[in-house]
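Student: Sequence first, then the predicted structure, then my questions.
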Amino acid sequence: MKSKLNAVLKSTIDHCFECGFLNKTHIPDYVIEVPNNPDHGHFATNLPLTLASSQKRSPMEIASVMVDNLMDEENLLENAEVAAPGFINFRINPDKWYGILSDIVRLKGDYGQNRTGNNQKVLVEFVSANPTGPLHLGHGRGAALGDTLCRILSFCGYDVAREFYINDAGQQTKMLGESIFSRFMQMNNPDFPFPENGYHGDYILDLAKTISGKVNLNEMSEQEAIDSCTREGKEIMLEETKQDLAQFRVPFDFWYSESDLFSSGLLEDTLEKLKRKKQLYENEGALWIKTSDFGDDKDRVIRKKDGEFTYFASDISYHLEKQKRGFARAINIWGADHHGYIPRVKAALSAHGFSENWLSVLLVQLVKLWRDGQEIKMSKRAGDFVTLRELVDEVGVDAVRFIFLTKNHDSPLDFDIDLVKKQDSDNPVYYVQYAHARICSIFRKANSEGISLPEKPDGLLKRLALDEEMALIRIIAGFPSLLEDISGALEPHRLTYYLTDLAASFHRYFNLGTKVPDYRIVTNDRTMSQARLFLAQAIRIVIANGLELLGISAPERM
RNA sequence: GCGCCUGUAGCUCAGCUGGAUAGAGCAGCGGACUUCUAAUCCGCAGGUCGGGUGUUCGAAUCACCCCAGGCGCGCCA
């Protein structure tokens, strides 16, 4: 609806330019919004205000000119009014609202789809946990964010690929192997030393048992045994990660391994390129890259004195590789503790001529877990943490995903296990799901009374005239532009708010019928019932589509 | 010390990239089930948008300066 109105505005402006009612000037950024105050109509625009300075006329004057020359050929508008200090308030023709209902019911699962992405190839990289331990809640939050973002971007016409980057080449996996080996040795010799920065979780002992049952560590040299523990441990952890994510309904298109970067020679290519661009220099035996030329605080080492490459080195080639694979844009979802890393990656990419907005990094803040009114402190190294799997097993995928998306990724999240475990009204995910189940229940009731959805509702829908009904229509009509906004701002959490708001409006509407039987959806008036069922069906579709984008089930009964 | 993030109702947070009278959930108080599902709804109460200065028709939103909290500043990953 908003885009239709925008089309009217654009042709109005063009018309005013052509006829000389307004001077032909550049059109600045303006907004069309749904006003808080219903007296201000269904939509309002600030276009005259933004146009004032370039036109050198008062906003009120410009607004009047536009209203007098509206190019509304499809009769979209019921009226348009000038409002101080220079807004135009619009009321949409009721027929056009009813038309949206028909669109929704016809399009079903496709309603809300749009082409704003223009098939642009986007790579979304998320989770990317080291295969050194189980996924924790921070990974889960990143997974929920990334997965929903991908679903929404695809829905908005982007060509999306999902990638998990496996950090399997560095010190951390070696530490995993040493930790496992040490636990293995401790089975017979409790005094065997444990590595200083080793992983302490119970899962390490489990790994030691599994691996020693599979290969004969006793017959190997210590180094061979550690290598074996590293290799096997990494593989098992990766497999568990894959299972956890599958259980969490998060699929990936690519599992990209860091060690492949080394073996494929990509790293050398990258160095060669940088050398040609004169971005490298040696100092004190190490190899440096001049990121400070591109906005970083200081230059960074990419090959250490001991000849080993830094993590940063592989990350540069990894990102170059992303572009080489044809992605016009990359989105990374990282833990907030990596934020200091962004300037140097962007600097390295700038050095290769990438534009500033080729890479977007979304930072996910911490998840704090509460139980019995107490915060559960977590530390991966100390092996003291609640895993994503444990949480999902305890409260369910739907609830975890929903709660993870109730807040902006930028702000820390408190997750109250007791609250979410309660399968009752305190739990926000049920509120939305219940609205869906309730509508399904109404349809069962209608069916039992022999009333069904009208095939051709055109004449009936004008009977939907209650304020609550019109408000609901306006909310669901806003679904497509909400998704466009989300895909532009990369803020999926707005969808949970939208669905909660829609569910609230529906529950309110439903409750009218508990007081006044005439306001029930299934009433004695058959055509009235059909019109309302049509509305209910449209609402159900939007809730189902929204939940689908969140990766949450839409139950028919609760 | 430098950088990033956060600061909105008692608590947890939204606030549509600068719009008109700042919203929701929870907690508190008072109401609504012989009913299409009460996993719901209605009402009441609750605010110096951390503080200040500025930008302009207009600021929770933008800029600058303070205050408070979190995180990051390795030839670690």
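Tutor: Great, that's in hand.
Student: Kindly report the residues of the stretch 151-300 of chain A close to RNA strand B.
Tutor: Counting by Cβ under 7 Å from any atom of the strand, the residues of the stretch 151-300 of chain A lying close to RNA strand B are A:167, A:169, A:170, A:171, A:172, A:283, A:284, A:285, A:286, A:297, A:300. For glycine as for every other residue, the C-beta is placed from the backbone atoms N, C-alpha and C.
Student: mind listing the strands in the stretch 1-150 of chain A by residue range?
Tutor: In the stretch 1-150 of chain A, the segments counted as strands under DSSP state E, counting those that start in this stretch are A:32-33, A:43-45, A:77-83, A:87-92, A:121-125.
Student: Separate out the buried members of the residues of the stretch 151-300 of chain A next to RNA strand B.
Tutor: Among these, those buried by neighbour count (16 or more other Cβ atoms under 10 Å) are A:167, A:169, A:170, A:172, A:300.
Student: Mean confidence (pLDDT) on the helix or strand hosting residue A:241, please.
Tutor: Assigned by DSSP states H and E, residue A:241 belongs to helix A:222-247. Average pLDDT, helix A:222-247: 95.
Student: how far does that helix sit from the chain's center?
Tutor: 29 Å (Cα atoms, centre = their mean, to the nearest Å).
Student: Just the buried residues of it, please?
Tutor: A:225-226, A:228-230, A:232-234, A:236-238, A:240-241, A:244-245.
Student: quick check, nearest of the residues you listed to residue A:338?
Tutor: Checking the buried residues of helix A:222-247 against residue A:338 by Cβ to Cβ gives residue A:241 as the nearest, at 18.7 Å.
Student: Give me the helices and strands touching the host helix or strand of residue A:537, please.
Tutor: In the assignment (DSSP H and E), residue A:537 maps to helix A:526-550. With contacts defined as 3 or more Cβ pairs under 8 Å, 6 or more residues apart in numbering; DSSP states H and E, helix A:526-550 has these neighbours: helix A:94-107, helix A:137-155, helix A:428-448, helix A:467-477, helix A:479-489, helix A:493-515.
Student: Could I get the buried residue list for the fourth one?
Tutor: Read it as helix A:467-477. In terms of neighbour count (16+ other Cβ under 10 Å), helix A:467-477 has its buried residues at A:468, A:469, A:470, A:472, A:473, A:474, A:475, A:476, A:477.
Student: now the helices: where do they sit in the stretch 151-300 of chain A?
Tutor: If DSSP state H, counting those that start in this stretch is used as the criterion, the helices of the stretch 151-300 of chain A fall at A:171-186, A:202-214, A:222-247, A:258-263, A:266-276.
Student: mind putting these in CSV, distance to residue A:93 included?
Tutor: Shown next, in CSV, are the helices of the stretch 151-300 of chain A (distance: least, Cβ to Cβ, whole Å):
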stretch, distance to residue A:93
helix A:171-186, 62
helix A:202-214, 63
helix A:222-247, 48
helix A:258-263, 58
helix A:266-276, 59
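Student: among those helices, which is nearest residue A:31?
Tutor: Nearest to residue A:31, of the helices of the stretch 151-300 of chain A and by Cβ to Cβ, is helix A:222-247 at 38.4 Å.
Student: tell me the angle the helix holding residue A:241 makes with helix A:202-214.
Tutor: 120 degrees (axes from the mean of the first three to the mean of the last three Cα atoms, to 10 degrees).
Student: returning to what we had before: right, quick check: the helix holding residue A:537 against RNA strand B, any contact?
Tutor: No - judged by Cβ under 7 Å from any atom of the strand, helix A:526-550 stays clear of RNA strand B, getting no closer than 7.7 Å.
Student: what are the pairing partners of the lowest-mean-pLDDT helix or strand in chain A, and which direction each?
Tutor: Within chain A, no helix or strand scores below strand A:374-376, which has a mean of 74 by mean pLDDT, DSSP states H and E. In the sheet, strand A:374-376 lines up against strand A:367-371 (antiparallel) (DSSP bridges).
Student: to the chain's geometric centre, what's the distance from the strand it pairs with?
Tutor: 22 Å.
Student: quick one on the thing from earlier: any idea which of the buried ones among the residues of the stretch 151-300 of chain A next to RNA strand B is least confident?
Tutor: Lowest in pLDDT among these is residue A:170, which has 77.
Student: Contacts only, for that residue.
Tutor: Contacts for residue A:170 (Cβ atoms under 8 Å, 6 or more residues apart in numbering) come out as A:258, A:311.
Student: circling back to that earlier point, how about CSV for the helices and strands packed on helix A:526-550, with mean pLDDT added?
Tutor: Output for the helices and strands packed on helix A:526-550, formatted as CSV (pLDDT from 0 to 100):
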stretch, mean pLDDT
helix A:94-107, 93
helix A:137-155, 94
helix A:428-448, 93
helix A:467-477, 92
helix A:479-489, 93
helix A:493-515, 93
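Student: okay, those, which one's buried deepest?
Tutor: Comparing the helices and strands packed on helix A:526-550 by mean neighbour count (mean count of other Cβ atoms under 10 Å), helix A:137-155 ranks first with a mean of 24.
Student: Quick one: distance of that one to the chain centre.
Tutor: Taking Cα atoms, centre = their mean, the mean C-alpha location of helix A:137-155 is offset from the chain mean by 5 Å.
Student: quick one: that helix to helix A:222-247, angle?
Tutor: With the same axes, to 10 degrees defining the directions, helix A:137-155 sits at 50 degrees from helix A:222-247.
Student: Farthest from the middle of chain A: give me that residue.
Tutor: Within chain A, residue A:219 marks the point farthest from the mean C-alpha position, 49.6 Å out by Cα atoms, centre = their mean.
Student: For the closest residue to residue A:108 other than its chain neighbours, grab the count of nearby residues.
Tutor: Nearest residue to residue A:108, sequence neighbours excluded (Cβ to Cβ, 6 or more residues apart in numbering): residue A:541, at 5.7 Å. By other Cβ atoms under 10 Å, 24 other residues sit near residue A:541.
Student: ok, residue A:541 - contacts?
Tutor: Contacts of residue A:541 (Cβ under 8 Å, 6+ apart): A:104, A:105, A:108, A:109, A:111.
Student: and with 7 Å instead?
Tutor: A:104, A:105, A:108, A:111 (Cβ atoms under 7 Å, 6 or more residues apart in numbering).
Student: how much space is there between the last one and residue A:32?
Tutor: In this case it means residue A:111. From residue A:111 across to residue A:32, the span is 20 Å (Cβ to Cβ, to the nearest Å).
Student: related to what we said a few turns ago, figure out which of the helices of the stretch 151-300 of chain A is closest to residue A:12.
Tutor: Of all the helices of the stretch 151-300 of chain A, helix A:222-247 sits nearest to residue A:12, with 49.8 Å by Cβ to Cβ.
Student: Which neighbouring elements make contact with the closest one?
Tutor: Contacting helix A:222-247 under the criterion 3 or more Cβ pairs under 7 Å, 6 or more residues apart in numbering; DSSP states H and E are the following elements: helix A:171-186, helix A:202-214, helix A:388-395.
Student: do the shortest one and RNA strand B meet?
Tutor: No - remark: helix A:388-395 sits outside contact range of RNA strand B, by Cβ under 7 Å from any atom of the strand, the gap being at least 12.5 Å.
Student: Quick one: name whatever helix or strand follows that helix.
Tutor: Moving toward the C-terminus from helix A:388-395, the next helix or strand (DSSP H and E) is helix A:397-404.
Student: how far does that next one sit from the chain's center?
Tutor: Averaging C-alpha positions (Cα atoms, centre = their mean) puts helix A:397-404 13 Å from its chain's average.
Student: what about it, near RNA strand B?
Tutor: No - using Cβ under 7 Å from any atom of the strand, helix A:397-404 stays clear of RNA strand B, with a minimum separation of 9.8 Å.
Student: That helix: which residues count as buried?
Tutor: Using 16+ other Cβ under 10 Å as the test for burial, helix A:397-404 gives A:397, A:398, A:399, A:400, A:401, A:402, A:403, A:404.
Student: residues contacting the closest residue in space to the second one that isn't next to it in sequence?
Tutor: Looking back up the chat, that one is residue A:398. Counting by Cβ to Cβ, 6+ apart, residue A:552 is the residue found nearest to residue A:398 once chain neighbours are left out, at 4.7 Å. Residue A:552 makes contact with A:398, A:401, A:402, A:429, according to Cβ under 7 Å, 6+ apart.
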